[in-house]
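Novice: Attaching a predicted model along with its sequence, questions to come.
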Amino acid sequence: MAGGKPTVLVLASGRGERFAASGGGTHKLQALLAGKPVLQHTLDAVAASGLPWHVEDAGHPGMGDSIAAAVRATPDAAGWLILPGDLPLVQAATLRAVAHALAQHAVVVPMFKGARGHPVGFSAACRDALLDLKGNQGAAPVVRAQAAINSVAYVDVTDEGIVTDIDTLDDLRRAEALLKRAQ
């Protein structure tokens, strides 16, 4: 990461079909959580992290396409933290921790109580592989390729927000309860 701080790529291109199917009356990123849209919670944490960031919200066929477009849009980035926009409880400190670990590893995966979460960090060495992504699979193939050469670090964090995504109305209610407990 010799060129500076990595850029947080906030992915906000998804259609949110599961949320609508669960009874949601709006797109999940616009659904209100504690009186504020889900995406705004995510963006507030990103802004508080002090890291550069880019929101990828153009319509793309899949997460892989969104990631590739976001990497193309940030050609001078020193690396990337890929953060789906539907993780409203992620903490700024977690973003900084992943960015810090990225200085020593090609890929950094945050873990909460044994579960993988987001943001997943990728160094500039992963640029070409990220640019080649397509479809719904996201960056999993890049993580697997780096794991095969022992270039992935798994970082334990105490941030339940890394695994608290909003895909259904039940997820939104769960996030609301977690927010209230944290206050």
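Specialist: Received the coordinates, thanks. Keep in mind it's a predicted model, so treat the numbers as computed, not measured.
Novice: Quick one: residues contacting the nearest residue to residue 28 once chain neighbours are set aside.
Specialist: Using C-beta to C-beta, 6 or more residues apart in numbering and skipping the chain neighbours, the partner closest in space to residue 28 is residue 19 (3.7 Å). All C-beta spots, glycine's among them, are computed from the backbone N, C-alpha and C. By C-beta atoms under 8 Å, 6 or more residues apart in numbering, the residues touching residue 19 are 27-28, 31, 166-169, 172.
Novice: neighbours around residue 30, how many?
Specialist: By other C-beta atoms under 10 Å, 14 other residues sit near residue 30.
Novice: scratch that, residue 55 is what I was asking about
Specialist: Considering only other C-beta under 10 Å, residue 55 is surrounded by 19 other residues.
Novice: Tell me the one of the contacts of residue 19 nearest residue 5?
Specialist: Set against residue 5, the nearest of those by C-beta to C-beta is residue 166 (26.9 Å).
Novice: Can you check the pLDDT for the nearest residue to that closest one once chain neighbours are set aside?
Specialist: Once flanking residues are discounted, residue 166 sits nearest to residue 86: 4.4 Å by C-beta to C-beta, 6+ apart. Looking at residue 86, its pLDDT stands at 96.
Novice: part of a strand, is residue 86?
Specialist: No: counting by DSSP: H, G, I helix; E, B strand; the rest coil, residue 86 is not part of a strand but coil.
Novice: Make 128 the first number, not 1, from now on.
Specialist: Sure, I'll start numbering at 128, so the last one becomes residue 213.
Novice: residue contacts, it?
Specialist: Contacts of residue 213 by C-beta under 8 Å, 6+ apart are 141, 143, 155-156, 165-166, 169, 292-294.
Novice: try 7 Å
Specialist: Residue 213 sits next to 155-156, 165, 292-294 when contact means C-beta atoms under 7 Å, 6 or more residues apart in numbering.
Novice: go on, residue 232?
Specialist: By C-beta under 7 Å, 6+ apart, the residues touching residue 232 are 278-280.
Novice: Looking at neighbours, which among the residues you listed is most surrounded?
Specialist: residue 279 leads these on contacts (other C-beta under 10 Å) with 19 neighbours.
Novice: how near is that residue to residue 298?
Specialist: 27 Å (C-beta to C-beta, to the nearest Å).
Novice: repeat for residue 244
Specialist: In this view, residue 244 and residue 298 are 14 Å apart by C-beta to C-beta.
Novice: out of these two, which sits in the more crowded spot?
Specialist: Neighbour tally, residue 244 and residue 298, criterion other C-beta under 10 Å: the higher count belongs to residue 244, 24 against 20.
Novice: pretty sure that one contacts residue 290?
Specialist: Yes: look at residue 244 against residue 290 with C-beta atoms under 7 Å: they come within range, at 4.4 Å.
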